[in-house]
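Student: Got a predicted structure here, sequence first:
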Amino acid sequence: MNNLDKAVQAALLGPEIKKLKVFDHEFNVKPAYISKKDNQTVVNGQISHHLSYRLDDQVYYRFVKENGEVKNLEIKIDRGGWTKITAPIGAITAQYFGVPITPDLLSQIGQQLGTLTDGKWEYASEAIVAAIGLYVE
């Protein structure tokens, strides 16, 4: 069984699997909440992008599968990593020097630092969600 299949199994059947490497990134995949009504299956889940020595990035997903088709896909990312570290430091520094800085700019700086150190990982989490969508009944 490959790691993408293991991620799907963890999401659909449990238990949670930790530090699972998918496309060169480590993820913690938690069991999804699945509810069925008539011909609709609603899936709500969470995947953590595992980061060493920093808060993990959290990926929350939700979709409806109806008649074999995935609909209303929502993916929300709560950034951990460098964003959580740079935001308070950047805000304090900006205030000290009297430089106006927005929360969005602080978030962008954190994301760019994360990309430099961790690479792009979002596509790997999206692949996990897509695979879950394919296999859920």
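Tutor: Sure, I can see it. Numbers count the residues shown, from 1 in each chain.
Student: so how far is residue 16 from the most centrally placed residue in the chain?
Tutor: Geometric centre of the chain, nearest residue: residue 59, 2.2 Å, by Cα atoms, centre = their mean. Separation of residue 59 from residue 16 (Cβ to Cβ, to the nearest Å): 14 Å. Yep, even glycine has a C-beta here, placed from its N, CA and C like the rest.
Student: Check which residues of whichever helix or strand the residue nearest to the centre of the chain is part of are buried.
Tutor: Assigned by DSSP states H and E, residue 59 belongs to strand 57-66. Buried residues in strand 57-66, counted by 16 or more other Cβ atoms under 10 Å: 57-59, 61-65.
Student: Lowest average confidence across helices and strands of the chain, where is it?
Tutor: Ranking every helix and strand in the chain by mean pLDDT, DSSP states H and E puts helix 103-118 at the bottom, with a mean of 58.
Student: which stretches of the protein form helices?
Tutor: Along the chain, counting by DSSP state H, helices occupy 3-13, 81-97, 103-118, 122-135.
Student: which intervals of this protein have sub-threshold pLDDT?
Tutor: The model of the chain has pLDDT under 70 over residues 80-96, 99, 101, 103, 105-119.
Student: try 90 this time
Tutor: 1, 51-57, 77-122, 137 (pLDDT under 90).
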